[in-house]
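**Q** using only what follows, build the 3D model:
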Amino acid sequence: MEKPVLSDETRFPSDEVIFSNLGKSKAFWMSFFGHLDKEHPDFSREWRYYRDGKSWLLKVQHKKKTVFWLSLVPGSFRITFYFTDRAEAAVRESGIAEELKDQFLNGKKYNKIRGLTVTFRKKKDVEYAKALIDIKLKVK
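**A** Prediction:
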């Protein structure tokens, strides 16, 4: 995995800081967050600096449930979802890329959860992220 770029604890990830690091992926950022603002206005967002990973992460929640974690990487951004085994059928049957399904189905388990990370490199990644948000909200 690529190293996050927001590693300066003293520099809050403002829009200016974020956009200066996104490059061509800014269009994906705008599309993705436009969707969140429109379809999920009840999601809360909180940037926090985590000393263990030495970077800023954005935690996005619906009520008390964490939907995903976001970090910036060189020239892009990535979001990571954590699902329990109950999400396996939904992930398997979803329209996301096979490589993302494989990442989840064959990935390392952390107790009862597995991670799935989407790095925004192409337009289709926005659609995959939307599908994963839907799965996250439906699977208890």
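**Q** which other residues reach the top helix by length along the chain?
**A** Identified as the longest helix of the chain according to DSSP state H is helix 123-138. By CB atoms under 8 Å, 6 or more residues apart in numbering, the surrounding residues in contact with helix 123-138 are 28, 31-32, 35, 40, 62, 65, 67-68, 79, 81, 83, 87, 90-91, 94-97, 100, 116, 118-120. All C-beta atoms are positioned from the backbone trio N, CA, C, and that covers glycine.
**Q** again, only using 6 Å
**A** Residues from elsewhere that reach helix 123-138 (CB atoms under 6 Å, 6 or more residues apart in numbering): 28, 31-32, 67, 81, 87, 90, 94-96, 118.
**Q** same for the least confident helix or strand in the chain by mean pLDDT, what does it pack against?
**A** Taking mean pLDDT, DSSP states H and E as the measure, the helix or strand of the chain with the lowest value is strand 109-110, at a mean of 89. Where contact means 3 or more CB pairs under 6 Å, 6 or more residues apart in numbering; DSSP states H and E, strand 109-110 is not packed against any helix or strand.
**Q** mean confidence for the following helix or strand past that strand?
**A** Following strand 109-110 in sequence order, the next helix or strand is strand 113-119 (DSSP states H and E). Average pLDDT, strand 113-119: 96.
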